[in-house]
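*Asks:* Next one to model:
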Amino acid sequence: MIFKYKGNDEKMAMLVGFESARIGILDDNEQVDPAKIFTINGQQGGTLGANISNLNYTPTINYASNIAYRVSGKGTGAATCTLTTEDIPMDIIYQITGATKNENGIYTIGRDTQAPYCALEMISGDSGVPSKKVYLALLKGVFGFPALNPQTNNAAEVDFTDSLTFTCLNRKSDDLVFAEGFEADSSFQEASWTQFVFPAPTGSTTTTTTVAG
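*Replies:* Numbering: from 1, shown residues only. Coordinates of the predicted model:
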């Protein structure tokens, strides 16, 4: 399948690779302090995979005259994303999952722990135009703390990857859950995309913190 854009722009339906991800912590106004945008890429550690599910609504089949007469439904389902990464610093994981750190460097999770709302961006590649990026975003949700499963080393060193579950809901400002943009589309503007996904407070300049293990 090919999606046509203005002019000669084309986009194949298949995504290729997973270049990087960004996580921004939303404030009470669904805006993002530039210092609270974290980039996960291949400099150290990086992204391994993302599985976005339940973007579609749950259809309801309506019956009449003893037959299935109409399928109804709108909106989205309970969208989630499982994000698998390598070597995210624990300080970042604790920030996006709401854990706290005391003056002695001890991180804790307890009864009053509350994860902040975040926005999640993922960058893949365009199979139709290999040099162009595809931008995916889940606009609001919360991260659950990853499971911890240390294993003994054997003949080879055994490492542990992080699997973060992101549970989504509609953004209050526009009722949106998901967005996608294609660099191959001549109307796509990266700066506008960033402001859309990570709305910066008035007067601030969007910068990001690169995750380094």
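*Asks:* Only C-alpha atoms from now on, for both contacts and neighbour counts.
*Replies:* Noted.
*Asks:* Where does pLDDT dip in the protein?
*Replies:* 1-13, 44-45, 72, 158, 203-213 (pLDDT under 70).
*Asks:* now the helices: where do they sit in it?
*Replies:* Using DSSP state H, the helices of the chain run over residues 90-97, 190-197.
*Asks:* buried residues in the first one?
*Replies:* Read that as helix 90-97. 93-97 (16 or more other Cα atoms under 10 Å).
*Asks:* next one: it to chain centre, how far?
*Replies:* Put simply, helix 90-97 sits 15 Å off its chain's centre (Cα atoms, centre = their mean, to the nearest Å).
*Asks:* outside of that helix, which residues touch it?
*Replies:* Residues external to helix 90-97 that are found in contact with it (Cα atoms under 8 Å, 6 or more residues apart in numbering): 25, 38, 100, 107, 114-116, 118, 142-145.
*Asks:* can you rerun that using 7 Å?
*Replies:* 25, 115-116, 143-145 (Cα atoms under 7 Å, 6 or more residues apart in numbering).
*Asks:* Between which two of those is the distance greatest?
*Replies:* The largest distance within those, taken as Cα to Cα, falls between Ile25 and Phe145 and amounts to 15.1 Å.
*Asks:* quick one: which of those two has more around it?
*Replies:* Taking other Cα atoms under 10 Å, Ile25 and Phe145 do not tie; Ile25 has more neighbours (25 against 19).
*Asks:* I'd say the more buried one and Glu121 touch.
*Replies:* No. Applying Cα atoms under 7 Å as the test, Ile25 and Glu121 come out as separate, 11.8 Å apart.
*Asks:* Is the closest residue to Thr47 other than its chain neighbours bridged to anything, and to what?
*Replies:* Distance criterion Cα to Cα, 6 or more residues apart in numbering; nearest residue to Thr47, sequence neighbours excluded, is Thr85 at 4.5 Å. Beta-bridge partners for Thr85, by DSSP bridges, are Thr47, Asp162.
*Asks:* And Thr85, how far from Thr194?
*Replies:* 22 Å (Cα to Cα, to the nearest Å).
*Asks:* of the two, who's got more company?
*Replies:* Between Thr85 and Thr194, counting by other Cα under 10 Å, Thr85 is the more crowded of the two (21 against 13).
*Asks:* Check the chain for me, the residue farthest from its geometric middle.
*Replies:* What lies farthest from the middle of the chain is Ser65; by Cα atoms, centre = their mean that is 44.5 Å.
*Asks:* From Ile93, how far out is that one?
*Replies:* Applying Cα to Cα to Ser65 and Ile93 gives a distance of 55 Å.
*Asks:* Next: Met122.
*Replies:* Note on Met122: its distance to Ile93, by Cα to Cα, is 17 Å.
*Asks:* same thing with Gly141?
*Replies:* From Gly141 to Ile93 the distance is 15 Å (Cα to Cα).
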